[in-house]
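Asker: A structural model of the following input is requested.
(chains A, B, C and D)
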Protein chains: 2
Amino acid sequence: MSAYTPSETSRRSGFSLDTLRYYERIGLLSEVDRTPGGQRVFSDHDLGWLGLLRCLRDTGMPINQMCRFAELARDGDGTVADRVELLRAHAEAVEEQMALLERQYGHLREKIRYYESELAAQS
Amino acid sequence: MSAYTPSETSRRSGFSLDTLRYYERIGLLSEVDRTPGGQRVFSDHDLGWLGLLRCLRDTGMPINQMCRFAELARDGDGTVADRVELLRAHAEAVEEQMALLERQYGHLREKIRYYESELAAQS
DNA sequence: CTGACACCTGGAGTGCGCTCCAGGTCAAGC
DNA sequence: GCTTGACCTGGAGCGCACTCCAGGTGTCAG
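Answerer: Residues are numbered from 1 along each chain as shown, chains lettered A, B, ... in the order given. Got it, this is the predicted structure:
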């Protein structure tokens, strides 16, 4: 069980120091350990949780939903079913997002081809 | 060459009336036709352009880049090469975005499976 | 002609997700 | 002990992309 400084944690998680503090403030990150002097000490467990948060953020989950998820996680084992449900719903949203993205990417490629043919015709 | 009312245009493009006006204001949508009374009349050409804007927005292009693109488009045929370049760069960004999304989607699915196994063990 | 509803303008306001700041404290190497 | 750089707090500020509003005008069916 290693311990990490704030900057180390920032580096590893990809969240800025300010964001880490912000996440703790809004309850996304529960009570991080402190040195006697009051500085944060992150654990492997925190790092793992941050990894999950990163995954959710990267897939576009809004903060308030992540807070709901964090709340469930804090409330212990009885909430696993709710957490699964939340993640499943999110996964579905992500699937739609990916489908849209791919569709629009196709249009984009088409547009590029069209412009390229115009370019060729111009010269 | 059909003509469309603002609300019809909103419906077809998926942009709200306010957004259409906003886009015109910031130069994303060049001088839309008007009735003698001053109300907007959108053309097929406008609709097509809005479709492209929708594609770019859906793939995450920031507004200021879209403005740059619109500016090039307004400046005529001489800018086709620049426009292609801009779109190609964006397409690359979209590819990275899709790759990240898929990777994180994979993690999400894993997490769900993990929670499901926990659920099964609990009961 | 009238009523109802769509539309107009300029400008202010909103929600999100951070990010920055001032003014201080802590920790570690010399 | 002192310096230096990382870290602390509470709170304000920011950038983005809209969205809403008040107060007025246009359009068109009946």
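
Asker: Identify the single longest helix in chain A, thanks.
Answerer: helix A:80-122 (DSSP state H).

Asker: I'd like to know which elements that helix is packed against.
Answerer: helix A:63-74, helix B:44-58, helix B:80-122 (3 or more Cβ pairs under 8 Å, 6 or more residues apart in numbering or on different chains; DSSP states H and E). All C-beta atoms are positioned from the backbone trio N, CA, C, and that covers glycine.

Asker: looking at the ones you listed, which is closest to DNA strand C?
Answerer: Closest approach to DNA strand C among the helices and strands packed on helix A:80-122 (Cβ to the nearest atom of the strand): helix A:63-74, 3.0 Å.

Asker: Which positions within that closest one qualify as buried?
Answerer: Neighbour-count burial for helix A:63-74, counted by 16 or more other Cβ atoms under 10 Å in any protein chain shown, picks out A:66, A:69, A:70, A:72.

Asker: what angle do the longest helix of chain A and helix B:44-58 make?
Answerer: With axes from the mean of the first three to the mean of the last three Cα atoms, to 10 degrees as the basis, helix A:80-122 and helix B:44-58 are set at 130 degrees to each other.

Asker: From the chain's centre, how far out is helix A:80-122? Work that out for me.
Answerer: With Cα atoms, centre = their mean, to the nearest Å as the basis, helix A:80-122 stands 19 Å off its chain's centre.

Asker: anything in it near DNA strand C?
Answerer: No: using Cβ under 7 Å from any atom of the strand, helix A:80-122 stays clear of DNA strand C, coming no nearer than 12.6 Å.

Asker: Now that helix: average pLDDT?
Answerer: Helix A:80-122 shows a mean pLDDT of 96 in the predicted model.

Asker: Relative to residue A:9, how far out is the closest residue to residue A:4 other than its chain neighbours?
Answerer: Residue nearest to residue A:4 in three dimensions, not counting chain neighbours: residue A:42, with 4.3 Å by Cβ to Cβ, 6 or more residues apart in numbering or on different chains. For residue A:42, the distance to residue A:9 (Cβ to Cβ, to the nearest Å) stands at 4 Å.

Asker: Now the common contact residues for those two.
Answerer: Common neighbours of residue A:42 and residue A:9 (criterion: Cβ atoms under 8 Å, 6 or more residues apart in numbering or on different chains): residue A:50.

Asker: helix/strand/coil for residue A:30?
Answerer: Judged by DSSP: H, G, I helix; E, B strand; the rest coil, the three-state class of residue A:30 is coil.

Asker: neighbours around it, how many?
Answerer: The local packing of residue A:30 (other Cβ atoms under 10 Å in any protein chain shown) involves 12 other residues.

Asker: you'd agree residue A:35 is up against residue A:41?
Answerer: Yes: the criterion here is Cβ atoms under 8 Å, and residue A:35 meets it with residue A:41 at 6.0 Å.
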